[in-house]
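Asks: Sequence plus predicted model, see below.
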Amino acid sequence: MSSRYLVATTVSIDEVSFPDGCPTRAVPGSAGFFAMAGLRVYTDDVLIIGGIGPEYLRRVGGWYAENRVATNGLIQRGNQDVVIRVTYFEDGSRIDRPSLGLDGFHALDPTLDEVSAFCGADTRGIYVFKALETDYLDGLLRLREQYGCRLIWEISGDACVPENVKRVEDYMSRFDIFTINNSEAAQLYGVGDEETILSRLERASRNWIFYRCGSRGAYMLANGRRYFCHSISNGEVVDVTGAGNASSAATLYGLCEGYGPQMSGFLGCAAAAEIIAQYGVPQKMDGRLRARALENARRACAGTREG
């Protein structure tokens, strides 16, 4: 059975501990999980696809059930779950200690065949968080041609090195949205000047580029124009983990649902505001949260001059 929005990712069990001495708790995690949550802010019709170990659903499946997120895209593969021990400190910083190395982590990435199995005529968008894995990216482009969906590529930081510039620019020009943050872009281009980076990105692709600037917000570069989407405040900032993933995926929703570049960027900022208001993703993502995020995005967009 196909879904409108697909997130191709590796998922993890995050064992989170805090300095207040409360018992460690297990919650779902990973960049792709936060991306899925960014889409889930705006739509129920989202499916996350990836490999899991034998304990994943037993330990963290409750969040999926409570938020009516299907788990049929989570495919048991192997005898080990990815467990990340996340320790928060009193200053808000954190240390992540993964149970598996990078190879073990990526062994649970969804295959192209697994992603394709959940595509259909009603599939509107696919999010992927990947390094410069050309065979995989090419396969996603073939899926777009087959099903007519839109694609967003959030580049993994380890691919952002100057020797990859030409190949990265080639793929960013072929994906409907390419997303990168300011520190990754500085590493990719070997420069720190924001104006230079923005100009390089604009020359590389006339498709949408969501250039994330942390707490300031983000630029959406589209059709030869530049839009700045300031960050949206939704109360106290508790934990910024996953904000970039969530905001990026939410821009895909905007594009696929017919919103313009600036409004789509603000949909991303509003989704990020919901994600950073607590540790991890919201425990319950309901209609009130959705209405608040949409209203925050609309209000921000209405109050911002284009350019």
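Replies: Yep, that arrived.
Asks: Shouldn't residue 16 be within a helix?
Replies: No - counting by DSSP: H, G, I helix; E, B strand; the rest coil, residue 16 is located in no helix; its state is strand.
Asks: Pretty sure it sits against residue 239.
Replies: No - look at residue 16 against residue 239 with C-beta atoms under 8 Å: they stay out of range, at 9.8 Å. Heads up, the C-betas are built off the backbone N, CA and C, glycines and all.
Asks: shared neighbours of the two, anything?
Replies: Taking C-beta atoms under 8 Å, 6 or more residues apart in numbering as the criterion, residue 16 and residue 239 both touch 88, 279, 280.
Asks: buried subset of these?
Replies: 88, 279, 280 (16 or more other C-beta atoms under 10 Å).
Asks: Format the residues you listed as a markdown table; extra columns: distance to residue 257.
Replies: What follows is those, written out as a markdown table (distance: C-beta to C-beta, whole Å):
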| residue | distance to residue 257 |
| --- | --- |
| 88 | 35 |
| 279 | 29 |
| 280 | 26 |
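Asks: Now flag whichever of those residues is closest to residue 150.
Replies: Using C-beta to C-beta, the shortest approach to residue 150 within those belongs to residue 280, at 27.5 Å.
Asks: tell me the contacts of that closest one?
Replies: Residues in contact with residue 280 (C-beta under 8 Å, 6+ apart) are 14, 16, 27, 29, 239, 241, 242.
Asks: what's the spacing between the last one and residue 129?
Replies: Translated: residue 242. Residue 242 sits 11 Å away from residue 129 when distances are taken as C-beta to C-beta, to the nearest Å.
Asks: Need the overlap of contacts for the two.
Replies: Among the neighbours of residue 242, those also in contact with residue 129 (C-beta under 8 Å, 6+ apart) are residue 31.
Asks: the more surrounded of residue 16 and residue 239?
Replies: Between residue 16 and residue 239, counted using other C-beta atoms under 10 Å, the more crowded position is residue 16 (20 against 17).
Asks: so where does the spatially closest residue to the more buried one that is not a sequence neighbour fall, helix or strand?
Replies: Using C-beta to C-beta, 6 or more residues apart in numbering and skipping the chain neighbours, the partner closest in space to residue 16 is residue 86 (4.7 Å). Per DSSP states H and E, residue 86 falls inside strand 83-88.
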